[in-house]
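J.: sequence unavailable; structure follows:
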């Protein structure tokens, strides 16, 4: 079932809706100082009472919402509600600005995570903004508003692209870039703009806490996990633990034909031996020694992102692995790779996928996201949105996998 675009007068209006017009049309959502329920009123008008109640009120304990009164929501923003005619908030295409499919795919995935959507649409991000580098987060908030509260089938991310390009010149070029690198830069940029410096973690043991961040943000709360590397000297058998934070786990692909996500995870978490130039300096032996190293998840994030390492160097050339990787849509069990203390919430469900087809320079990115209202999967290919069956979510072009803890409502 293809996502139907608007026809007739609506289509003509859409064709004329360039970046400036789209942005101006949504200024009332961005520049007005609204009460916290205003964005909820808009979604109420889009979804209808029954669906809104099921989605927001029944699950508010999982989303950690403030109390919502449906009757006050129903009548508090009548003028704005009358302007909203789309029945599927969040199903909005993004215009390709010229080789920016990598950016569009990442934006669709991030805008499919309800806790992040709630954080920006409710305006909570404004209180956390840091003056020195808050432009990107503000532009992202505007774009989120256009995608969820706007009336257009397709909007332009040009303002966000321009603002982020000033911070990261590589992405200001209209050339194809790596979606995983863009994702890391974007998460870092949002964290830096929204981090809470007043709640620094106390570091009592510098060695034990090496690698942990000192500020928290909505990004660290949702996406940051913690690994612990057990490094054992093979000479004296002394073991040290080295923690390391992560937002994206890059997984090796152990086969050139076909394998499973579990095979990739097993390869990443298997014990490895450090020899030759990779030897460690053992403080007990007082010299460099071979060592065994094994990683364990000591803190699993609410949203865990896997990067499938499809690109590898072969001499001076970089080539792509087209391995068909089987990954589950639900019940991904991370307990075999987790510390025993953190195994109670180790099962995850897939909520978004970034696909890469073609080769390096002339490849193309698109996203699959699960809609949290309709419970259906949709493909987002720049401006084009298509509903897809569950069986089509599994492809041999998957590049980034977004999984959410099954104890949370974290799907688009």
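T.: Thanks, I have the structure now. Since this is a predicted model, take the numbers as computed values, not measurements.
J.: next, count neighbours for residue 224.
T.: Using other Cβ atoms under 10 Å, residue 224 has 20 other residues around it. In this view, the C-beta of every residue, glycine as well, is placed from N, C-alpha and C.
J.: just want to check the distance between residue 395 and residue 327.
T.: 10 Å (Cβ to Cβ, to the nearest Å).
J.: compare neighbour counts for these two and give me the winner.
T.: Neighbour totals were compared for residue 395 and residue 327, and residue 327 leads with 19 against 16 (other Cβ under 10 Å).
J.: for the more buried one, give me its contacts.
T.: 260, 261, 350, 394, 398, 401 (Cβ atoms under 8 Å, 6 or more residues apart in numbering).
J.: same thing with residue 256?
T.: Residue 256 touches 321, 323, counting by Cβ under 8 Å, 6+ apart.
J.: same check on residue 295?
T.: Neighbours of residue 295 in contact, by Cβ under 8 Å, 6+ apart: 227, 228, 229, 230, 268, 269, 337.
J.: quick one: low-confidence parts of the stretch 1-150 of the chain?
T.: Low-confidence segments of the stretch 1-150 of the chain, defined by pLDDT under 70, span residues 1-88.
J.: give me that answer again for 80
T.: 1-88, 131-133, 150 (pLDDT under 80).
J.: quote the end-to-end distance of stretch 167-182.
T.: For stretch 167-182, the first and last residues are 12 Å from each other (Cα to Cα, to the nearest Å).
J.: how far is the helix or strand where residue 140 lies from where the chain is centred?
T.: Using DSSP states H and E, the element containing residue 140 is helix 135-149. Distance of helix 135-149 from its chain centroid, counting by Cα atoms, centre = their mean, to the nearest Å, is 15 Å.
J.: in its sheet, what does the next helix or strand after that helix sit against?
T.: Sequence-wise, the next helix or strand downstream of helix 135-149 (DSSP H and E) is strand 154-155. Neighbouring strands of strand 154-155 in its sheet, by DSSP bridges, are strand 93-94 (parallel).
J.: got the angle between the following helix or strand past the partner strand and helix 135-149?
T.: Scanning forward in sequence from strand 93-94 by DSSP H and E, the next helix or strand is helix 101-110. Angle between the axes of helix 101-110 and helix 135-149 is 70 degrees (criterion: axes from the mean of the first three to the mean of the last three Cα atoms, to 10 degrees).
J.: so what touches helix 101-110?
T.: Counting by Cβ under 8 Å, 6+ apart, 94, 96, 116, 143, 157, 160-161, 171, 176-179, 182-183, 186, 352-355, 364-367, 369, 380-382, 400, 402 sit against helix 101-110.
J.: of the residues you listed, which belong to strands?
T.: 94, 352-355, 364-367, 369, 380-381, 400, 402 (DSSP state E).
J.: widest-spaced pair of these?
T.: 364 and 402 (19.0 Å; Cβ to Cβ).
J.: of these two, which one has the most company?
T.: More crowded of residue 364 and residue 402, by other Cβ under 10 Å: residue 402, with 27 against 18.
J.: chain neighbours aside, what residue packs nearest to the more buried one?
T.: residue 352 (3.9 Å; Cβ to Cβ, 6 or more residues apart in numbering).
J.: residues near that neighbour, how many?
T.: Residue 352 - counted by other Cβ under 10 Å - has 29 other residues nearby.
J.: tell me who's in contact with it.
T.: For residue 352, the contact set (Cβ under 8 Å, 6+ apart) comprises 108, 109, 112, 113, 367, 368, 369, 370, 401, 402, 412.
J.: buried subset of the contacts of residue 295 as a ChimeraX selection?
T.: Buried members of those, defined by 16 or more other Cβ atoms under 10 Å, are picked up in ChimeraX with:
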select :227,228,268,269,337
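J.: now distance to residue 255 too, for the contacts of residue 295, in CSV please.
T.: CSV is the format used below for the contacts of residue 295 (distance: Cβ to Cβ, whole Å):
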residue, distance to residue 255
227, 24
228, 28
229, 25
230, 27
268, 14
269, 17
337, 19
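J.: just the ones of the contacts of residue 295 in strands?
T.: 227, 228, 229, 230.
J.: still on that earlier bit, of the contacts of residue 352, closest to residue 279?
T.: Using Cβ to Cβ, those come closest to residue 279 at residue 401, 33.8 Å.
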